[in-house]
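*Asks:* Predicted structure and sequence below. I'll ask about it afterward.
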Amino acid sequence: MQTEILTIENGLDKAAELIKNGDVVVFPTETVYGLGANAFDAQAVRKIFQAKGRPMDNPLIVHIADIKDIDKLAVDVSDSARKVIQKFMPGAITVILKKSELIPNEVSAGLSTVGIRFPSHPVAQAFIKACGVPIAAPSANTSTKISPTTAEHVYEDMQGRVPLILQGGSCQVGIESTIVDMTTDIPTILRPGAITPNMLAKVLGEVKTFSGKIVVAKAPGMKYKHYAPDCDMVVAESEEHAWAKYQESKNAGQNPVILARKDYLDRLNQNNQFEYINLGESNEEVMRNIYSAMHTAQDKYNFIICQDFGDEGVASSVMNRVNKASGGKRV
Ligand code: AMP
Ligand code: MG
């Protein structure tokens, strides 16, 4: 299969045609690129799992371009769920609701719930509208690889496995959506993202962040290895630890790189020479750049040392991904 990259100007008709014919299409969103199919077509949805090599018991998010579609896809939508929808959609949030009969088991992985998201990216919205059906999609990477934040990342990973990638530039948010389960007594965050627990608590009164034992795989990364670069990665507790690990790695003949915020690099740079990727100045910039930096790092280097960004606001969402990528290894 040949994989084409087309823009919204020259590729929208083709994208909609592919979806209508039960095929898959990669499309940009503000979080990461998605690998989409008609959410009502079980056969088409199976192609997503094939293209990704993803286990069938990991559910997909259903993407819409009109709030009104929620009442077709979900039932028993509570007032608090409507508040979250009103406040944060379109945007980087997925709400888990009780699913309607229209959602095939292939999408929900046999659960009685469905994850719904309304992306803010204009290309995503134009694509979903042109298809005329909700689009089920996970991130457009092969299973266990890093999520893509550019069309080129997708091409590198999935060429030959998908017919079309819609070009949408770099994703502005840069990590996957916050997932909040609105079917539990107290709304529960299943995956942290750009919408923080504080932001949700302001709307809901209280939310639970996920902790405790895993019974079924409800959020990504709990049961499966996720977001892992091709080379080893560690989190450094301090600049001193990062620098010591960098030297140790160099001495062992490796080709290491340090991923950090600008202020951290400035402090390290005063006396030392080393390879680094500057993730920016704010936590939002770090969030936007983290996956892209991991992509670059795994291509150019063979050992990644990453700053611990702490737990203020979206930094804790970034650390959720970084901790998975590093397999919890710290120095
Ligand atoms: P991805 O972002 O690529 O991991 O794909 C979507 C993710 O959304 C899945 O890994 C699921 O964990 C999560 N998800 C989708 N639907 C549901 C659901 N009904 N309940 C819990 N999590 C869900
Ligand atoms: Mg994913």
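*Replies:* Structure's in. What do you need? Ligands and ions are numbered 1, 2, ... in the order given.
*Asks:* Near ligand 1, which residues of the chain? Just list them.
*Replies:* Residues of the chain lying close to ligand 1 by C-beta under 6 Å from any ligand atom are 58-61, 96, 108, 111, 113-115, 138-139, 176, 179, 190, 218-220. Yep, even glycine has a C-beta here, placed from its N, CA and C like the rest.
*Asks:* Give me the pLDDT value at the most centrally placed residue in the chain.
*Replies:* In the chain, the C-alpha closest to the average C-alpha coordinate belongs to residue 176, at a distance of 2.5 Å (C-alpha atoms, centre = their mean). On pLDDT, residue 176 comes in at 97.
*Asks:* From ligand 1, how far off is residue 293?
*Replies:* Applying C-beta to the nearest ligand atom, to the nearest Å, the value for residue 293 to ligand 1 is 19 Å.
*Asks:* Run a quick neighbour tally on that residue.
*Replies:* Residues lying near residue 293 (other C-beta atoms under 10 Å) number 25.
*Asks:* List the contacts of it.
*Replies:* Contacts for residue 293 (C-beta atoms under 8 Å, 6 or more residues apart in numbering) come out as 259, 277, 279.
*Asks:* what does residue 15 give?
*Replies:* Taking C-beta under 8 Å, 6+ apart as the definition of contact, the neighbours of residue 15 are 6, 25, 27, 127, 130-131, 164, 166.
*Asks:* Leaving aside the residues adjacent along the chain, what's closest to it?
*Replies:* Across the structure, with C-beta to C-beta, 6 or more residues apart in numbering as the measure, the residue nearest residue 15 apart from its sequence neighbours is residue 25 (4.8 Å).
*Asks:* re the thing from before, and of the contacts of residue 15, the nearest to ligand 1?
*Replies:* Comparing the contacts of residue 15 against ligand 1 with C-beta to the nearest ligand atom picks out residue 27 as the nearest, at 13.4 Å.
*Asks:* For residue 294, which three-state class applies?
*Replies:* When classified by DSSP: H, G, I helix; E, B strand; the rest coil, residue 294 comes out as helix.
*Asks:* Tell me, how many residues neighbour the nearest residue to it once chain neighbours are set aside?
*Replies:* With C-beta to C-beta, 6+ apart as the criterion, residue 294 has its nearest non-adjacent residue at 4.8 Å, and that residue is residue 229. Using other C-beta under 10 Å, residue 229 has 21 other residues around it.
*Asks:* from here on, count from 779
*Replies:* Fine by me, first position is 779 from now on; the one you just mentioned is residue 1007.
*Asks:* residues touching residue 1007, list them.
*Replies:* When contacts are counted by C-beta under 8 Å, 6+ apart, residue 1007 touches 924, 1072-1073, 1075-1076, 1082, 1103.
*Asks:* Please list the members of those that lie in strands.
*Replies:* In strands, defined here by DSSP state E, the members of these are residue 1082.
*Asks:* ok, so what distance separates the residue in the chain sticking out farthest from the centre from residue 1027?
*Replies:* Distance from the C-alpha centroid of the chain peaks at residue 1049, with 36.6 Å (C-alpha atoms, centre = their mean). Distance, residue 1049 to residue 1027, using C-beta to C-beta, to the nearest Å: 18 Å.
*Asks:* which outside residues touch the longest strand along the chain?
*Replies:* Longest among the strand segments of the chain by residue count, using DSSP E, is strand 871-877. When contacts are taken as C-beta under 8 Å, 6+ apart, the neighbours of strand 871-877 outside the stretch itself are 839, 848, 851-855, 859, 862-863, 886, 889-895, 955-961, 968-969, 971, 973.
*Asks:* Just give the number of residues close to residue 801.
*Replies:* Neighbours of residue 801 under the rule other C-beta under 10 Å: 18.
*Asks:* Next: residue 1044.
*Replies:* The local packing count at residue 1044 equals 11, with neighbours defined by other C-beta under 10 Å.
*Asks:* Is it within a helix or a strand, and which one?
*Replies:* helix 1040-1047 (DSSP states H and E).
*Asks:* Give me the buried positions along that helix.
*Replies:* Neighbour-count burial for helix 1040-1047, with 16 or more other C-beta atoms under 10 Å as criterion, is recorded at 1042-1043, 1046.
*Asks:* Much appreciated, bye for now.
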